[in-house]
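Quick one: sequence plus predicted model below, questions after.
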Amino acid sequence: MMRQTIFITVLGHFGAAFAALCMPPFYAHILSQNFSSQALTMAGWYFTLPTLAAAIANPLWGKLADRIGIRASLIRAHWGLCLSFIVTGLARTPWEFAFGLTLQGLLGGTFAASNAFLASILPGKRLAGLLSVMQGSARAALFAGPAIIGLFSNGQNLLHIFFYLAVFPGVAGLMLYFLPAQYGTISPPEIRHAIAAPGIPTITLDAGKLYRFQALFTIGTVLSYPYFVIDLAQRLDISATWAGALFGLPHALFLLLAWPLGRYVNFANAQTALARFSALTCAGLLIQVLGSHLPMLIAGRLLMGVGMTGAYLSINALAAATTKHATAGQHFGKLEGANKWGAVLAGIFASGLATSLGYTAPIWLGCVLLASLSVLIESKHP
């Protein structure tokens, strides 16, 4: 039953992530299909709405999860996402569409809820491994989703796709609902024993610092996202097709490198690994911003991919090691909230810098922040 529960949790998250991540690239298309052409000027804001709402809601849902039960909270997240997709699909004005997207952020939170649920049934090392699987699930959905939806973009009203997408979280919540309520939840002593096993030092990192590390790493990396395509078009005369492929390269590397790199990232070295992989991500960004030809840019993207993968694995290990059974929902809600706030701030900073200083300015700031994160961790960690 434990394996079945884990399988349904991971599969349910993939379905929810697929549904949530496949549509953002087509918001402008949906606006032009269904609303006035003036609505297109607001397309960029529609990307921010679900993230901003999730940044506010996730910590609150996490705190509630510890009161009502983590399993119940995960079911709520899936069904909340299902409801928000239906509301979005029913939109008849740009404001109603914006309301539906905001509901997705407010009522969803399946990633944090799934991680908290896994934390309630798995000990430290296995939890860290499953958190990396969840990270891979989200990235696989990020790649597969837009490609599949793109097949329906000709001649179809993509707004109605939201009705079909609502099925994924709806079914996931139903499957979790019919699972037995008891399935071998581990006790706090077992968690402590798994983390403080012989030969594995207990991590002394404060959870609050981990949230700040997460937010800082997110800002440093996401700063390079919004203007990546247009920057390459102007600076290196690279087509949108090539730019899109290069954009996805670091994320695709996660799926290839997570398992081999995961063998070397553990509780004992997670803080040091986060510092060094953040520095590696910074180096990858530097190569990209200084690169004057395609091979150098590819090298920078590859290096960035290795750094991002290792950093995410390190954060997962730190998240697992700092989990407390009684507050797992709140812990992962705050961690995901830090990630969402980081993405929101990165979008704001990128827009301001690109407008005033050019498209490479956000990348330079990202380098500074990632280098600062690396130095901060190394200076505080013996």
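Received, thanks. Since we're looking at a predicted model, the values are computed, not measured.

quick one: the strands in the stretch 201-350 of the chain?
For the stretch 201-350 of the chain, no strands are identified by DSSP state E, counting those that start in this stretch.

Find the residue ranges of it scoring beneath the pLDDT cut-off.
Low-confidence regions of the stretch 201-350 of the chain, defined here as pLDDT under 70, cover residues 201-204, 240-241.

would you list every one of the helices in it?
Residue ranges of the helices in the stretch 201-350 of the chain, as given by DSSP state H, counting those that start in this stretch, are 207-222, 228-235, 240-262, 270-290, 294-321, 328-357.

could I get these as a markdown table with distance to residue 127 and mean neighbour count?
C-beta here means a position set from N, CA and C on the backbone, and glycine is covered the same way. Supplementary listing: the helices of the stretch 201-350 of the chain in a markdown table, determined by distance: least, C-beta to C-beta, whole Å; neighbours: other C-beta atoms under 10 Å:
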| stretch | distance to residue 127 | mean neighbour count |
| --- | --- | --- |
| helix 207-222 | 14 | 21 |
| helix 228-235 | 33 | 18 |
| helix 240-262 | 13 | 16 |
| helix 270-290 | 13 | 22 |
| helix 294-321 | 4 | 23 |
| helix 328-357 | 10 | 21 |
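
Nearest to residue 90, out of those?
Judged by C-beta to C-beta, the one of those that comes nearest to residue 90 is helix 328-357, at 25.4 Å.

Please tell me how far that closest one is from the chain's geometric centre.
Mean C-alpha position of helix 328-357 versus that of the full chain (C-alpha atoms, centre = their mean, to the nearest Å) differs by 11 Å.

and if you look at stretch 233-241?
The offset between the C-alpha centroid of stretch 233-241 and the centroid of the whole chain comes to 27 Å, using C-alpha atoms, centre = their mean.

again, but for stretch 245-252
When C-alpha coordinates are averaged (C-alpha atoms, centre = their mean), stretch 245-252 and its chain have centres 15 Å apart.

and the gap between residue 255 and residue 262?
Taking C-beta to C-beta, to the nearest Å as the measure, residue 255 falls 12 Å from residue 262.

now residue 289
According to C-beta to C-beta, residue 289 stands 29 Å off from residue 262.

Next: residue 372.
26 Å.

ditto for residue 30
For residue 30, the distance to residue 262 equals 38 Å [C-beta to C-beta].

same question, residue 20
Spatial separation of residue 20 from residue 262 under the definition C-beta to C-beta is 25 Å.

got it, and residue 369?
Residue 369 is 25 Å from residue 262, by C-beta to C-beta.

what do you get for residue 273?
Separation of residue 273 from residue 262 (C-beta to C-beta): 11 Å.

Touching both of the two, which residues are there?
Counting by C-beta atoms under 8 Å, 6 or more residues apart in numbering, the common neighbours of residue 273 and residue 262 are residue 313.

From residue 59, how far off is residue 222?
Note on residue 222: its distance to residue 59, by C-beta to C-beta, is 19 Å.

excluding its backbone neighbours, what's nearest residue 322?
Nearest residue to residue 322, sequence neighbours excluded (C-beta to C-beta, 6 or more residues apart in numbering): residue 207, at 4.6 Å.

Please verify my assumption that the one you found contacts residue 320.
No - with the criterion set as C-beta atoms under 8 Å, residue 207 and residue 320 do not qualify as a contacting pair; they are 11.7 Å apart.

For residue 359, what is the enclosing helix or strand?
Secondary structure assigned from DSSP states H and E places residue 359 in neither a helix nor a strand.

Contact partners for it?
Counting by C-beta under 8 Å, 6+ apart, residue 359 makes contact with 227, 230, 231, 234, 235.

what would the residues you listed look like in TSV with distance to residue 135?
As requested, the contacts of residue 359 are exported to TSV (distance: C-beta to C-beta, whole Å):
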residue	distance to residue 135
227	25
230	28
231	26
234	32
235	31
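
closest to residue 280 among the residues you listed?
Among the contacts of residue 359, residue 231 lies closest to residue 280 (C-beta to C-beta), at 21.4 Å.

In contact with the closest one: list those residues for me.
Under the criterion of C-beta under 8 Å, 6+ apart, the contact list for residue 231 reads 359, 360, 363.
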